[in-house]
Each structure stands twice: as structure tokens, then as C-alpha cells.
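S.K.: would you be able to build a 3D model of this:
(chains A and B)
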Number of protein chains: 2
Amino acid sequence: MKALFLKNGNLQLINAVRPSPVEGEALIRVHLAGICNTDIELLKGYMSFTGIPGHEFVGTVEQSSQRALIGKRVAGEINAGCGRCSQCLEGDSRHCAERTVLGIDKRDGAFAQYVVLPDRNLVQLPDSIPDETAVLIEPLAAAMQILSQVRIIKENKVLIIGDGKLGLLTTVVLKTTGAKIFLSGHHRERNLKMLSDIEHIDISENPIKPASFDIVVEASGNVEGFMTALKYIKPKGIIILKSTFHEDVSIDTSYIVVNEIIIIGSRCGRFEHAVHALSVGDIVIPNGYVDKTFSINEGIKAVEHARERGVLKVLVKLWD
Amino acid sequence: MKALFLKNGNLQLINAVRPSPVEGEALIRVHLAGICNTDIELLKGYMSFTGIPGHEFVGTVEQSSQRALIGKRVAGEINAGCGRCSQCLEGDSRHCAERTVLGIDKRDGAFAQYVVLPDRNLVQLPDSIPDETAVLIEPLAAAMQILSQVRIIKENKVLIIGDGKLGLLTTVVLKTTGAKIFLSGHHRERNLKMLSDIEHIDISENPIKPASFDIVVEASGNVEGFMTALKYIKPKGIIILKSTFHEDVSIDTSYIVVNEIIIIGSRCGRFEHAVHALSVGDIVIPNGYVDKTFSINEGIKAVEHARERGVLKVLVKLWD
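M.R.: Next up is the predicted model:
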């Protein structure tokens, strides 16, 4: 099968052996895969990953011991737990210490024509959600995870730092709370076309009043984002960290103590929530969110394009 | 009046002018003052403070426009708010942006025979709490603030990092939750005498299982404390930051994101809670917690003694 393979920061299009599911796993024929900033970070050395990257996908189950799954169109939760530890038994393999993570940690991912995942990770998709939307379920679930962690009310003033893929999806999600949302990034004009009813700002160019937000979401994917979050959060406010990157941040923790700031790390969310929100129309992906779709034959080009400044979601089509 | 005066890291015993309360403020004759790690940090440059340090005290009101206060024995909340901003109007001057802070920020403190604070900051003390205990109300309220921020249940496994003044008081407070408490520090033998019913460890010498605590309190007052907290907290666990110090910490924020860790800054607490807990005996300060009491005439010596490794609470007696 065709696949993109990463080793020592080099990505190559290869002809790989089709993976074989073990007991409890399914083989999925991948239709579309999405390129995430985490993939870009993997290329820079994050997680020291060697293998096939890619963790956002939609596909059709070809093999599974659960016969009802065969032939079904699915998305798949990316954390594959051991199934035995307390986290797994509580139904949260996302934090299993022994987990593998699709295309990120000890498990080949979805920049390939076939992928393997445990049956229990798969979520069936209603026909009403087309492939081009279904491929966004993983990042959408991650953005929606914020709502499972923090109660946001319409009286809250919320700042989202970073208008990349993650920042925009987070904005789409947090808009549903009715809170007053400010999205800060370098692409105001573009964002304005995609998202109405919110404030579009660029605080790096036009600083606003410090310590004035109840909630700040750091989705910029860089070190400065954290500093900006600390600058704009109110005392006793909540900073939600969404982006993972391959660099340390130097922090004055006394500022966090004195202002009693709350910082919450936020990663993957439940796919069911995202599927439901899309199927009933609570969440609509804005036009323009997907920048371009490449064939797997042009996979390297797809990743290069995704790395360009200002480019939003790039998709890879696995079969012609 | 006699007072300790700090300028450019130099502390001197001086003969200072007795402060004059303005409208809404009281003049308090200080009986006893306590030396806190924050005072030691001020000497190192924290907050760039110039003036009379000291923010833990017990005294008697000599002047006040609230006549009922005169002659009363009081402790005093250290944050003096503007009284007009939204934080102050909500009754929380601790986070007023315009606040002065007793002996820490723009307000002379209690290492002096007289101190001035707003009337509304004063909390009257029952006779059942002697001066030697009452002087600990400020740090005790700070330790109890954790209970206002986080729900700790008896099923929780809690690690307290640092067996200095703050770590020990925090241990005394968190013991009341019934949770399984581990106190880590270099003075196991000493701690064991003061606190029973908890586990005494030294994780710097004898590491235990990483990622195994539901809650970790960082009370060590140094950079390594934060790293240790990150190492021992479970996924989705809560780290409470208590110590303030004059140095930045370099953090891998991706670890916080991936493990969905919650970090909560925690500073000052409500004095009423601490006074109540002491008066009904919910909290008992362990024997040995106060190391030594010095006269203000030996104030410099008192601070030098407080800086020594392993020394617990040092008190300063303002009048012979």
C-alpha cells in the first residue's frame, strides 16, 4: 500500500506492507486523512516518532471480528489503550500509560491506504456527514474537549490565541456557548469571512487591555502564546492549553500563584460528541476551512503545503 | 518606633516614624510578627520591595474610626484593595489590581511596633487563641485557601512537596480531608515527631512511582519543586502551586497538554476560616512549629536565623 513514512525528520512516500489487525482490531481502508500541526511537530522531532504519521481520518472497515462493523464508514479515536489498567477500565484509554497513539506514538497512522485500530476505537458515521467533514472529527472532538473540562457561560469574555486550524475550530466550538469570543491571529480578513459574531483582533500588533479575559485558550502552537495567555488572563481566570510543540517555555510561576490562575491542559475529546454536534447541525465547519486536497501520490507536497504560513486544513486522498 | 527596613537587599533596624492611618484605616500596635519565606524572597529581590517587610502579625487596635475596634486584639488580611473595582466590590480585595500588600507591595509591614491597615482588613480574635498561634493565622489561611479551590476527598492520594513552614501547615490543613497524605522533604525525623497519620518520604533521595498522585501541592519554594510535581501527578490530576520565588521555571507545556494536567495558583485565604478552625480545634498547630522568638532589637539576627536550612517559624516580639 502507499504510505508516507517518517524517519529522522525525513518524510518519504513508500510502498508499505498492508498492516494486519490482531484480535480485537479492525483493518480500515482510509478514504481521506487530515494534516494536523502535531504532524508538523513530529517532523521537527516531537515524540521522536518513526513510522507512518497521520491521526485524522475517515475510512471503511474491511476486516473486523465484530462483523457488524464490516463495510461501515468510520472515524477512529487515536488512543489505543491496554484495556486492563484503571484508566482503560474507567473507559478513558486517552490516558492509559501503556497506550499507543495513532500516527504519533508506537502505532502507524493514517497517511496510508490502510490503517489498523482496535474495534472499540471506531465510531460509525451517519450518511449526513460527508467524508470531507468526517475527516475533521478528531480535531473537532479535541476542540470540544474544552467544554467537558470548563464551564463557559455567556457572561464570559474568552480570548482564543492563534487563528490556525486548531484556533479556528476552537472558535467554532466556543461560539456555541454564547460567550463573548475574541479570536487573535495574523489573518483577520480571512477569519472575518469564515466566522461572524465574534471579535477579530491581532494582539501582537494591537495590544488590548491586559488581565481582562475570564478564559484564554492557547492554540497558537508557539512559546509566545503561553506568555500572551498569562498577560491577558484575569486573576482567578482559566487558561486552556491546547497546542503541543517541541520546545520548553520559561514561566514566572509566582505570577500564577499571586493571581491564582488556573491552567488546564486539554487534548483529545470524545468522538461521539463531535459526531452528534455535526449531525444535528450544532456545529458547522466554515467554508474555507479546508484549504486543499492532495492525492497520496503528492503526499510530500501536501505536507510541504500544510507547513506554509496561513494555510488551513490540508487533506490527503488515499485512493484515486 | 523600632522597625526593620529593607532597601536593595539590605535589612536594617531603624527608628522609624510611627505611621498615621488615613480615613478607613486603623493603627495597630504589633505584639508579634512571623517571618515567612516570602520575606526571605523579598531580601533576594522579589517584588523589588523597599520598606518595612512583615505580613504575619497579631496586635491591638489603638486608633480607628470604627470605635468598636479600639482595644481589640486582631490579625489583619494583607491585601488592601481600592474598594471601588469589581474585585473589591465582590469582596475580594486579594485580586484588586490597585491593591497594596502589607510588607510586600507598596505598603509598610509588620516588622515594626506599629502598622496601619484598612479597618475592613482586621479580624478580631477570640481569647482562646493565644498570640503565638494568632500570628500564624495569615499562613494558615493561605494553606486553607487550597480547600476553597479544590475538592479533596478521602479517596485521594496527595503529595506535598516541601517540608518547610508552608509545606507543614499545608499538611496540617489537608490532613483534615481524610485523604492519604505524603509529605516529602529533607527532615523526616523532625516531621515525624510533629505529624502522625501521614507518610513521610524524601522523594529526592528515594523516588517513588511517577504519575501516581491525584493531587500534588508544590510548597518547596524552588524551581525543582515544579518539576517534581509534574513527575508525580497522575494524568488529569491537579497541581497546586503555593510557593512564590524570584526565578523562572522552564516547562514542557506539551506534557501538561498531553496529560491534561490542571495547575492552580493558590495564594491568600480568608482569615475567618482560619480563626474558626483554630477556635473550634479543627486545626491544631503542632508542637515545634515555632522555632524561636526574637526581640525586635535582634530583628536582623531573627531573619538570619530564619534563613538557615531546616529552621521553621521564627517570630519577632515587637515590645519587651
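S.K.: check contacts around the one residue in the stretch 51-200 of chain A that gets nearest to chain B.
M.R.: Residue nearest to chain B within the stretch 51-200 of chain A: A:His95 (3.7 Å; Cβ to the nearest Cβ). C-beta coordinates here come from the backbone N, C-alpha and C atoms, glycine included. Taking Cβ atoms under 8 Å, 6 or more residues apart in numbering or on different chains, we find A:His95 in contact with A:Asn79, A:Gln87, B:Pro235, B:Lys236, B:Asn259, B:Glu260.
S.K.: do the same with A:Val101
M.R.: Contacts of A:Val101 (Cβ under 8 Å, 6+ apart): A:His55, A:Ile78, A:Asn79, A:Ala80, A:Arg107.
S.K.: over to A:Ile35?
M.R.: Contacts for A:Ile35 (Cβ under 8 Å, 6+ apart) come out as A:Gly54, A:Glu56, A:Ala302, A:Val303, A:Ala306, A:Lys313, A:Val314, A:Leu315, A:Val316.
S.K.: now stretch A:83-95 - C-alpha only, CSV.
M.R.: The C-alpha trace of stretch A:83-95 is given here as CSV (Å, rounded to 0.1, in the frame of the first residue of the first chain):
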residue,chain,number,x,y,z
GLY,A,83,-7.7,-2.4,28.1
ARG,A,84,-6.6,-3.5,31.6
CYS,A,85,-5.4,-0.5,33.6
SER,A,86,-7.7,1.6,35.8
GLN,A,87,-7.8,4.4,33.1
CYS,A,88,-8.9,1.9,30.5
LEU,A,89,-11.4,0.2,32.8
GLU,A,90,-12.9,3.6,33.5
GLY,A,91,-13.4,4.0,29.8
ASP,A,92,-10.6,6.5,29.2
SER,A,93,-7.9,5.0,27.1
ARG,A,94,-6.7,8.5,26.3
HIS,A,95,-4.7,8.4,29.5
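S.K.: confidence score at the residue of the stretch 51-200 of chain A closest to chain B?
M.R.: Note on A:His95: pLDDT of 95.
S.K.: which residues of the stretch 151-300 of chain A lie near chain B?
M.R.: For the stretch 151-300 of chain A, the residues in contact with chain B (Cβ under 8 Å from any Cβ of the partner chain) are A:211, A:226, A:235-236, A:241-246, A:248-254, A:256-267.
S.K.: and the buried ones among those residues, selectable in ChimeraX?
M.R.: Listed next is the ChimeraX selection for buried residues among these, using 16 or more other Cβ atoms under 10 Å in any protein chain shown:
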select /A:226,235,236,241,242,243,244,245,249,251,252,253,254,256,257,258,259,260,261,262,263,264,265,266,267
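S.K.: can you tell me which of the residues of the stretch 151-300 of chain A next to chain B are in strands?
M.R.: A:Pro235, A:Lys236, A:Leu241, A:Val249, A:Ser250, A:Ile251, A:Ile262, A:Ile263, A:Ile264, A:Gly265 (DSSP state E).
S.K.: is it true that the third one touches A:Ile262?
M.R.: No: between A:Leu241 and A:Ile262 there is no contact, the gap being 11.1 Å when judged by Cβ atoms under 8 Å.
S.K.: determine which residue lies closest to the centroid of chain A.
M.R.: A:Pro139 (3.0 Å; Cα atoms, centre = their mean).
S.K.: follow-up on the earlier one: and the contacts of A:Ile35, which of them are buried?
M.R.: A:Gly54, A:Glu56, A:Ala302, A:Val303, A:Ala306, A:Lys313, A:Val314, A:Leu315, A:Val316.
S.K.: give the phi and psi angles for A:Arg29, as a check.
M.R.: Phi and psi for A:Arg29, reported as degrees, to the nearest 10, are phi -80, psi 120.
S.K.: that one bridge partners, please.
M.R.: For A:Arg29, the beta-bridge partners under DSSP bridges are A:Thr60, A:Tyr114.
S.K.: just the strands in the stretch 151-300 of chain A please.
M.R.: A:157-161, A:180-184, A:199-201, A:213-218, A:233-241, A:249-251, A:262-265, A:290-295 (DSSP state E, counting those that start in this stretch).
S.K.: report the longest helix in chain A, please.
M.R.: For chain A, the longest helix by residue count, based on DSSP state H, is helix A:137-149.
S.K.: what's the angle between that helix and strand A:157-161?
M.R.: Angle, helix A:137-149 to strand A:157-161, by axes from the mean of the first three to the mean of the last three Cα atoms, to 10 degrees: 150 degrees.
S.K.: chain center to helix A:137-149, what's the gap?
M.R.: The chain centre lies 8 Å from the centre of helix A:137-149; the measure is Cα atoms, centre = their mean, to the nearest Å.
S.K.: which helices and strands sit right next to that helix?
M.R.: strand A:56-63, helix A:165-175, helix A:271-279 (3 or more Cβ pairs under 8 Å, 6 or more residues apart in numbering or on different chains; DSSP states H and E).
S.K.: could you pull out the buried residues of it?
M.R.: So for helix A:137-149, counting by 16+ other Cβ under 10 Å, buried means A:Ile137, A:Glu138, A:Pro139, A:Leu140, A:Ala141, A:Ala142, A:Ala143, A:Met144, A:Gln145, A:Ile146, A:Leu147, A:Gln149.
S.K.: any residues touching it, and which ones?
M.R.: A:34, A:36, A:55-58, A:75, A:77-78, A:123, A:125, A:129, A:152, A:165-166, A:169-170, A:172-174, A:177, A:217, A:240, A:242, A:264, A:266-271, A:273-275, A:277-278, A:283, A:285, B:260.
S.K.: dump the contacts of A:Ile35 into JSON lines; add distance to chain B, pLDDT and secondary structure as well.
M.R.: Shown next, in JSON lines, are those (distance: Cβ to the nearest Cβ, whole Å; pLDDT from 0 to 100; DSSP: H, G, I helix; E, B strand; the rest coil):
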{"residue": "A:Gly54", "distance to chain B": "18", "pLDDT": "98", "secondary structure": "coil"}
{"residue": "A:Glu56", "distance to chain B": "17", "pLDDT": "98", "secondary structure": "strand"}
{"residue": "A:Ala302", "distance to chain B": "24", "pLDDT": "98", "secondary structure": "helix"}
{"residue": "A:Val303", "distance to chain B": "20", "pLDDT": "97", "secondary structure": "helix"}
{"residue": "A:Ala306", "distance to chain B": "20", "pLDDT": "97", "secondary structure": "helix"}
{"residue": "A:Lys313", "distance to chain B": "20", "pLDDT": "98", "secondary structure": "strand"}
{"residue": "A:Val314", "distance to chain B": "22", "pLDDT": "98", "secondary structure": "strand"}
{"residue": "A:Leu315", "distance to chain B": "24", "pLDDT": "98", "secondary structure": "strand"}
{"residue": "A:Val316", "distance to chain B": "24", "pLDDT": "98", "secondary structure": "strand"}
